[in-house]
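Visitor: The sequence isn't on hand, but the structure is:
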């Protein structure tokens, strides 16, 4: 497995070099909206520690990412009046991973509404900002 690349796009977001639509942050994890969402509220949860994917993440970091993923999923159910949640996590290129920093996709779903294809359409900034505000409030409310 290749080494972790500290210049991947998510590492740059974690360092504040690139903007994001944050919905949750603590000392070990960050959650922000995907700018090409497969449905409204599509969120990425990642550890702040350098981890290429699940194969090299520490057990503690991995557990914390999934703890945050659950909080985001619960918030997304409320904020987007979702009927369900799709959780996706990919490892290495052959496993579908595109950005090589561990991340979990939390995708709110409505019954009968298909997800958009991956990376198919960039969402408008004002829509992302509003969705981030709505989701962050739902997460904070518990």
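Guide: Okay, I see it. All values reported here derive from a predicted model rather than from experimental measurement.
Visitor: Please list all residues in contact with the residue nearest the centre of the chain.
Guide: Nearest to the mean C-alpha position of the chain, by Cα atoms, centre = their mean, lies residue 44 at 0.4 Å. Residue 44 makes contact with 10, 31-34, 103-106 under the criterion Cβ atoms under 8 Å, 6 or more residues apart in numbering. Where you see a C-beta, it was placed from the backbone N, CA and C, and this is true even at glycine.
Visitor: list the helices and strands the lengthiest helix in the chain packs on?
Guide: Ranked by residue count and defined by DSSP state H, the top helix of the chain is helix 59-79. Applying 3 or more Cβ pairs under 8 Å, 6 or more residues apart in numbering; DSSP states H and E, one finds that helix 59-79 contacts strand 22-25, strand 29-33, strand 43-47, strand 84-88, strand 104-109, helix 125-141.
Visitor: Which one of these lies nearest to residue 94?
Guide: Comparing the helices and strands packed on helix 59-79 by their distance to residue 94 (Cβ to Cβ), the top pick is strand 84-88, with 15.4 Å.
Visitor: Tell me what angle that closest one forms with strand 43-47.
Guide: For strand 84-88 and strand 43-47, the angle between their directions (axes from the mean of the first three to the mean of the last three Cα atoms, to 10 degrees) works out to 40 degrees.
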